[in-house]
Each structure stands twice: as structure tokens, then as C-alpha cells.
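**Q** model the structure of this input:
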Amino acid sequence: MSPLLAAAGGPVVADFSHDTWWIWVIKAVAILVFMLLSVLVAIWFERRVVARMQLRPGPNVHGPFGLLQSLADAMKLLFKEDITVKAADRVVYIVAPLIAVFCSLLTFAVIPMGPAVSMFGIQTPLQLTDFPVAVLYILACTSVGVYGIVLGGWSSGSTYPLLGSVRSTAQVISYELAMGLSLVSVFLMAGSMSTSQIVDSQTKIWWFLPLAPAFAIYVISMVGETNRLPFDLPEAEGELVGGFHTEYSSLKFALFFLAEYVNMVTVSAIATTLFLGGWRAPWPISLWDSANSGWWPILWFTIKVWGFLFVFIWLRGTLPRLRYDQFMKLGWKVLIPTALAWIVVVSCIHYAQVSTGVTAAQRWILIGALAVGLLLVWGVWEYSDGERAKKRALRNPPQPEEIDPFAGGFPVPPMPGQRLVRTSGQKVPALAGRGSGTIKGERADVGSEAPSWQPHGPDPRDGADDQDEEGRRD
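**A** The predicted model follows:
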């Protein structure tokens with residue numbers, strides 16, 4: 001049997017046989033409250049951290065340390081006027097934000113937040129449910145959630161939201177694929193796709209250490225998956241006004257806003273579960289006998305999740321937005337090939353361990369050596385490719401495009417790689433306080449001396465310049 005088939009049929013460690021319907025309801029409500037409170041605190045935390053990075057105070061008026069600012073903003077959005085665009089497809093326009101929110105909340109159902117505890121006399125794990133293909137369920141929910149963004153932009157009946165939704169589609173295809181491939185090595189090492197089994201397999205070592213390349217790919221992909229800076233191209237305010245949610249206001253906009261922050265918490269919880277040992281205590285706290293029992297693991301799980309949330313905020317306050325071609329190149333030419341190569345490496349080492357009896361220590365040494373080798377090969381390839389591009393550019397320098405800046409009746413500055421060409425006899429547009437004039441000379445290229453021109457009539461600013469000069473002398 002192949003390792004992936006074995007992983008799909010792997011065991012589920014969590015025991016839900018004692019759960020009753022009211023235990024399920026309590027868990028579901030607790031997860032919902034945890035997510036909503038996390039969003040409120042995350043908004044306040046982001047504003048305070050970014051303000052600290054920019055040397056300003058941030059929210060500090062409403063409540064202690066400004067903690068009630070997020071609640072005040074939420075209430076403001078609830079009571080604002082709800083505007084529906086006339087050109088919108090009304091049903092899809094309303095359903096789209098609901099799809100985005102519900103899919104982001106459903107993902108947390110299979111995330112283990114702790115071991116089995118006693119809840120009103122019933123032993124139950126701190127997890128709503130689990131099954132052998134729980135990680136595939138997570139990927140399915142995150143994939144369906146993008147329909148909220150796509151349908152929201154399409155149903156708005158406007159150009160900029162449509163462009164934002166199309167960008168989101170390309171973004172999800174690129175980075176969802178890289179994210180899924182980065183998780184395959186975890187399935188191979190854990191022998192299961194069950195989240196509780198993956199946490200149980202990290203008793204001795206957390207998977208982010210031996211599977212560091214997969215962990216790095218997942219962290220980059222999760223930032224792109226949540227449309228956060230520097231990958232927030234579907235809602236780039238400098239290009240698309242507000243992107244896919246330009247035409248949304250009031251509660252519907254608040255739902256999109258909620259979905260974004262819930263997705264941040266969800267992907268952080270997935271990274272914690274699959275790579276950082278889940279709810280298990282870090283060293284040296286793990287030396288304490290009661291660290292991984294009872295209700296304490298919820299604290300370790302929450303600390304790890306908030307560590308990833310801080311990375312999200314740190315990136316927002318540090319990095320500028322990527323160009324779209326750079327964004328696609330990173331996904332298709334770097335992340336996906338690296339993830340595929342890493343799957344081959346881990347599969348070979350896993351097969352060698354099973355068939356030839358390679359010890360665990362030897363396996364980690366092989367994984368580290370192959371990872372370093374792949375990085376060196378990739379670095380040498382990128383360096384040689386860059387050198388070849390430089391030599392080609394020196395042999396065949398690109399010729400600048402010649403443009404007429406007055407072709408449209410108004411002077412247009414040259415773009416990179418363009419050169420101005422001005423024909424004689426063209427009229428210069430009238431300037432404030434100056435008459436129109438005529439360009440003298442056949443052409444003026446970039447870097448050359450600007451053509452002279454003679455205005456029809458005296459320059460009214462000459463007298464003002466003389467008065468200023470006399471004032472400075474006095």
C-alpha cells in the first residue's frame with residue numbers, strides 16, 4: 001500500500017464515543033465565541049502593533065488600552081446605512097459574504113485544541129470532530145470560501161470589483177496548490193490525514209524542524225491564501241479602489257472583514273496543528289508532567305496561534321505590495337516546483353527507512369543534507385540564469401520606444417524604456433499666466449537639452465520675479 005493511501009486510512013486518536021448532542025452544542029458555541037473574540041482582539045492588536053512600528057499611539061481611548069475600539073467599530077458597521085447597488089445581482093450580492101464567513105468558520109471544526117478532558121462528568125476531547133481525511137476537509141472549505149470573493153466581485157456589476165474577484169481566482173489556484181503540496185510531506189511522516197493523529201505523531205519532535213522547507217512554503221502560501229500584505233492584490237486600494245468589496249457597505253462589508261480575520265486565525269491554527277505540535281507544550285514547559293493534560297494545552301495552542309498572527313501583522317507593517325507578475329512568478333516558478341521536489345525527497349527517504357531499516361537519526365541527517373543540496377542547486381541555477389540574462393542584455397541592448405508626448409493634446413511623461421520625440425511646429429499647451437508657444441527644433445530625446453520656445457507676448461511672471469529679487473536684497 002502506498003504511503004498516501006495508508007495516510008488516508010490512518011487512525012483517529014480522538015475518542016468521541018461518549019459525546020452527546022448537548023456536548024456538541026457546547027463545543028460548537030465555544031468555538032464560535034473563541035473565533036469572534038479572537039477577531040476582535042486581533043483587530044485591536046494589529047492596530048496597536050502597526051502603530052508601535054510607526055511611532056504613534058494607536059487606539060487608546062475606548063476602554064482600557066483601547067480594547068473596546070474593535071467593538072465600537074463593529075457596532076458602527078451594524079448601524080450604518082445598507083446600500084445595494086442597482087446594477088447588482090441582488091441574491092448573489094447578499095449570499096456572497098455569507099459564503100465567505102461560513103466556510104471560514106467551518107474549517108475550525110476539525111482543529112484539536114487540547115486532549116480529552118472532563119466536561120460535566122463526560123470525557124471528551126477538546127475538538128468538535130475528526131475523521132481520517134480531516135485535512136482534505138480543511139482544504140475543501142478554504143477552496144469553497146473563495147467563491148464568496150468571486151461571486152461578490154462579479155455580482156456587484158462594477159469593473160473594479162470584477163477585476164478583484166478575477167485576481168482572487170488566480171491567487172487561490174496558485175497558492176492553494178502550493179499549500180496542498182506542502183502538506184503532503186506531513187501526511188507521509190505522520191502516516192495519517194487525521195488532525196488528532198498528526199498532533200499525536202509530534203510527541204518527540206515537531207514537524208517544522210525536519211520538514212522546514214514544507215513549513216516555509218506553507219507560511220508563504222497561507223499569507224497569499226488570506227489576501228494579506230504583501231499579497232493583497234484582490235483588494236489593492238491603489239489599483240482597484242477597494243477590490244472585490246468596493247460596492248459593499250454596512251453589515252455585508254463587515255462579514256467580508258470578519259471572514260478575512262477568521263481565515264487568518266484558521267490558517268494559523270492549521271500551521272500550529274500540522275507543524276508546531278498542536279496543543280503540546282513547548283520545551284522546557286513540556287518537562288512539567290501536567291503540561292500536556294487537562295485544560296493547560298488550550299493556553300499553549302493559543303500562544304502558538306497568536307505567534308502566527310503577529311507574523312501576519314509584522315509583514316503588513318514591513319513589506320510593500322508585490323506586483324502581480326512577481327506574485328505569480330513566486331507561486332508558479334518557486335513555491336510549486338520546490339514543493340514537488342521536496343515531496344520526492346521525503347518519499348525517497350521514507351521508502352528507504354521502511355525497506356532498508358534506516359534509523360531515525362540517519363533519516364533526519366539525510367533530510368537536512370538533501371534540503372541544503374536542493375537550496376544550493378536552486379541558488380546556483382538562479383544565479384547562472386541571472387548572469388545569462390545580463391549577458392544577453394549587454395549583447396542586445398533594448399531599443400527605447402519613441403513616443404510623441406503631445407500626440408493626445410496634453411504632454412505625457414515617458415515611461416521606463418521610452419524616449420521622447422517631438423516634431424517641429426507643435427503647439428505647447430497654454431500655461432497659467434503664459435501664452436501658447438511653438439517648439440523650435442526637430443526632436444528632443446530623454447537626457448538632451450530641452451527645446452527652446454518663445455511665448456507670444458511678455459511673460460507676466462517676469463515682473464513678479466524682479467520684485468521678489470528686490471525684496472531679498474532689502
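**Q** could you use CA atoms for every contact and neighbour count after this?
**A** OK.
**Q** residues in contact with Val33?
**A** Val33 makes contact with no residue, according to C-alpha atoms under 8 Å, 6 or more residues apart in numbering.
**Q** can you verify it is assigned to a helix?
**A** Yes: Val33 sits within a helix when classified using DSSP: H, G, I helix; E, B strand; the rest coil.
**Q** would you map the helices across the stretch 351-474 of the chain?
**A** Chain-ordered helices for the stretch 351-474 of the chain, with DSSP state H, counting those that start in this stretch as the definition, fall at 360-395, 461-473.
**Q** which stretch in those has the least confidence?
**A** In terms of mean pLDDT, the lowest-scoring of the helices of the stretch 351-474 of the chain is helix 461-473 (a mean of 48).
**Q** middle-most residue in this protein, spatially?
**A** For the chain, the residue lying nearest the average C-alpha position, counting by C-alpha atoms, centre = their mean, turns out to be Val223 (2.6 Å).
**Q** that residue touches Ile313, doesn't it?
**A** No: in this structure Val223 lies outside contact range of Ile313 using C-alpha atoms under 8 Å: 10.6 Å.
**Q** about what we covered before: pLDDT of the one helix or strand the residue nearest to the centre of the chain maps to, averaged?
**A** The secondary structure element spanning Val223 is helix 212-225 (assigned by DSSP states H and E). In this model, helix 212-225 has a mean pLDDT of 90.
**Q** restrict it to CA atoms and write it as PDB.
**A** Extracted as PDB, the C-alpha positions of helix 212-225 are listed here (Å, rounded to 0.1, in the frame of the first residue of the first chain):
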ATOM      1  CA  ALA A 212      11.500  23.000   7.300                       C
ATOM      2  CA  PRO A 213      11.100  23.600   3.500                       C
ATOM      3  CA  ALA A 214       7.500  22.500   3.600                       C
ATOM      4  CA  PHE A 215       6.900  24.700   6.600                       C
ATOM      5  CA  ALA A 216       8.300  27.700   4.800                       C
ATOM      6  CA  ILE A 217       6.200  27.000   1.700                       C
ATOM      7  CA  TYR A 218       3.100  26.700   3.900                       C
ATOM      8  CA  VAL A 219       3.700  30.000   5.700                       C
ATOM      9  CA  ILE A 220       4.200  31.900   2.500                       C
ATOM     10  CA  SER A 221       1.100  30.200   0.900                       C
ATOM     11  CA  MET A 222      -1.100  31.000   3.900                       C
ATOM     12  CA  VAL A 223      -0.300  34.700   3.600                       C
ATOM     13  CA  GLY A 224      -1.300  34.600  -0.100                       C
ATOM     14  CA  GLU A 225      -4.400  32.500   0.700                       C
END
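**Q** how far off centre is that helix?
**A** Its chain's C-alpha centre and that of helix 212-225 lie 10 Å apart, by C-alpha atoms, centre = their mean, to the nearest Å.
**Q** for Thr124, helix, strand, or coil?
**A** Look at Thr124: counting by three-state DSSP, its state is strand.
**Q** Asp82 now?
**A** Here Asp82 is coil, with the state taken from three-state DSSP.
**Q** tell me who's in contact with Asp232.
**A** Asp232 sits in contact with 224, 321, where contact means C-alpha under 8 Å, 6+ apart.
**Q** distance of it relative to Tyr324?
**A** With distances taken as C-alpha to C-alpha, to the nearest Å, Asp232 is found 10 Å from Tyr324.
**Q** do a quick rundown of the helices in the stretch 101-250 of the chain.
**A** Along the stretch 101-250 of the chain, the stretches classed as helices by DSSP H, counting those that start in this stretch are 134-155, 159-190, 195-200, 212-225, 237-240, 250-275.
**Q** now tell me what touches the first one from outside.
**A** Which is helix 134-155. Helix 134-155 is contacted from outside by 88-90, 92-93, 95-104, 106-107, 110, 161-166, 168-169, 172, 176, 180, 193-195, 243-245, using C-alpha under 8 Å, 6+ apart.
**Q** if we can go back for a sec, reformat the helices of the stretch 101-250 of the chain as TSV; add distance to Pro297.
**A** Listed next are the helices of the stretch 101-250 of the chain as TSV, based on distance: least, C-alpha to C-alpha, whole Å:
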stretch	distance to Pro297
helix 134-155	21
helix 159-190	21
helix 195-200	12
helix 212-225	22
helix 237-240	40
helix 250-275	12
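**Q** compare these and say which comes out lowest on pLDDT.
**A** helix 237-240 (a mean of 69).
**Q** buried residues, stretch 284-300. List them.
**A** Residues of stretch 284-300 classed as buried: 291-293, 295-300 (neighbour count, 16 or more other C-alpha atoms under 10 Å).
**Q** from Leu105, how far out is the closest residue to Leu106 other than its chain neighbours?
**A** Distance criterion C-alpha to C-alpha, 6 or more residues apart in numbering; nearest residue to Leu106, sequence neighbours excluded, is Cys141 at 7.1 Å. Computed as C-alpha to C-alpha, the Cys141 to Leu105 distance reads 9 Å.
**Q** what's the answer for Ile83, then?
**A** Separation of Ile83 from Leu105 (C-alpha to C-alpha): 26 Å.
**Q** again with Gly164
**A** Computed with C-alpha to C-alpha, the distance linking Gly164 and Leu105 is 23 Å.
**Q** who has more neighbours, the two?
**A** Neighbour totals were compared for Gly164 and Leu105, and Gly164 leads with 28 against 21 (other C-alpha atoms under 10 Å).
**Q** isn't that one right up against Pro234?
**A** Yes: with contact defined as C-alpha under 8 Å, Gly164 and Pro234 form a contacting pair (4.2 Å).
**Q** just to revisit the earlier point, burial measure for the residue nearest to Leu106, as a count.
**A** 19.
**Q** tell me how the protein divides into domains.
**A** Per automatic domain parsing, the domain ranges recorded for the chain read 3-358, 368-397, 401-473.
**Q** highest average neighbour count across those?
**A** Highest mean neighbour count of these: domain 3-358, a mean of 19 (counted as mean count of other C-alpha atoms under 10 Å).
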